[in-house]
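quick one, structure for this:
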Amino acid sequence: MFSCKFLRESVHLSLLLAKLLFPKTRGGKKHEAGYVMSSTLLAQLSNSGLLLFVALYIYASTRYDGGSKVDPHRKSWDWIHNYWCDLIWPTTLLDEPNRASKWGITANFVLCFSFIFFFWAFSYSYPPSSSWQLVIGISGTIAMICAMLIFSKVHDAIMGGIILSAIPAVTGVIYGLIVAQQDTALYGGAVALVLVLVNIYIFYTNHGEHYLPFVQKIAFVAVISWAFFINSSIA
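Alright, predicted model coming up:
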């Protein structure tokens, strides 16, 4: 019941966002200048958010003193062995208050909103078709709303929700890049997608789990760099 209600509210929010950002004329046609301007603004907001996320991520890591699975008593962030989620949990591995949590959660919200802006900016800049515009925007928004709850106790269920709801958005982005013949962005997206799939494989199979925190960070860099590049082409 909760998941159905959550899905309905997420779709409603996504449609409302689309109407606010991309209004129509009385004749039913979109204002060309209006939605181009909105796309440019959204791309700029997305890139600003991505840069802010990186800054908050680094700062949160300096506040972290909760150890890792390899060394629970370590009093500093380990870029090789700590997971991103270690920064957002309210308590550390030793059940002590996590000094980095509020900064990690803030960074997570910034990242999610940045990608909501990214999906909507892309959907109206490189749409493979009119129907794909809403698919990319709504699917991406739902995925990011799910991601905002990644610090909750149902982390694994949230991960599944993010993956499933992001599939249409990512498919639409890749398709849009192919149609628009954006080869550089397409190749970059392929690399980022492979790294994300490796993360998902390790997460659900535990094969190579020891390497997951480091692979996770490489995937972060690849995905954020890819989105930043596309946003820059729009802005």
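
strands of the chain, start to end?
Assigned by DSSP state E, the chain shows no strands.

residue 97 is in contact with residue 66, correct?
No - using Cβ atoms under 8 Å, residue 66 is not in contact with residue 97; the gap is 9.0 Å. Heads up, the C-betas are built off the backbone N, CA and C, glycines and all.

looking at the chain, which helix is longest?
Longest among the helix segments of the chain by residue count, using DSSP state H, is helix 32-63.

centre of the chain to it, how far?
Distance of helix 32-63 from its chain centroid, counting by Cα atoms, centre = their mean, to the nearest Å, is 12 Å.

in terms of secondary structure, what does it contact?
If you count contacts as 3 or more Cβ pairs under 8 Å, 6 or more residues apart in numbering; DSSP states H and E, helix 32-63 packs onto helix 2-21, helix 101-123, helix 212-234.

just the C-alpha atoms of the last one, please, in PDB.
The one in question is helix 212-234. Output of helix 212-234 as PDB, limited to C-alpha atoms (Å, rounded to 0.1, in the frame of the first residue of the first chain):
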ATOM      1  CA  LEU A 212      32.800  -2.400  -3.900                       C
ATOM      2  CA  PRO A 213      33.600   0.800  -2.000                       C
ATOM      3  CA  PHE A 214      36.400   1.800  -4.400                       C
ATOM      4  CA  VAL A 215      34.400   0.700  -7.500                       C
ATOM      5  CA  GLN A 216      31.500   2.700  -6.200                       C
ATOM      6  CA  LYS A 217      33.600   5.900  -6.100                       C
ATOM      7  CA  ILE A 218      34.900   5.300  -9.600                       C
ATOM      8  CA  ALA A 219      31.300   5.000 -10.800                       C
ATOM      9  CA  PHE A 220      30.400   8.200  -9.000                       C
ATOM     10  CA  VAL A 221      33.100  10.100 -10.800                       C
ATOM     11  CA  ALA A 222      32.100   8.600 -14.200                       C
ATOM     12  CA  VAL A 223      28.400   9.300 -13.800                       C
ATOM     13  CA  ILE A 224      28.800  12.800 -12.400                       C
ATOM     14  CA  SER A 225      31.400  13.700 -15.100                       C
ATOM     15  CA  TRP A 226      29.100  12.300 -17.800                       C
ATOM     16  CA  ALA A 227      26.100  14.300 -16.600                       C
ATOM     17  CA  PHE A 228      28.200  17.400 -16.200                       C
ATOM     18  CA  PHE A 229      29.400  17.000 -19.800                       C
ATOM     19  CA  ILE A 230      25.800  16.700 -21.200                       C
ATOM     20  CA  ASN A 231      24.600  19.600 -19.100                       C
ATOM     21  CA  SER A 232      27.400  21.700 -20.400                       C
ATOM     22  CA  SER A 233      26.300  20.900 -24.000                       C
ATOM     23  CA  ILE A 234      22.800  22.100 -23.100                       C
END
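
would you mind getting the angle between it and helix 32-63?
Put simply, helix 212-234 runs at 150 degrees to helix 32-63, going by axes from the mean of the first three to the mean of the last three Cα atoms, to 10 degrees.
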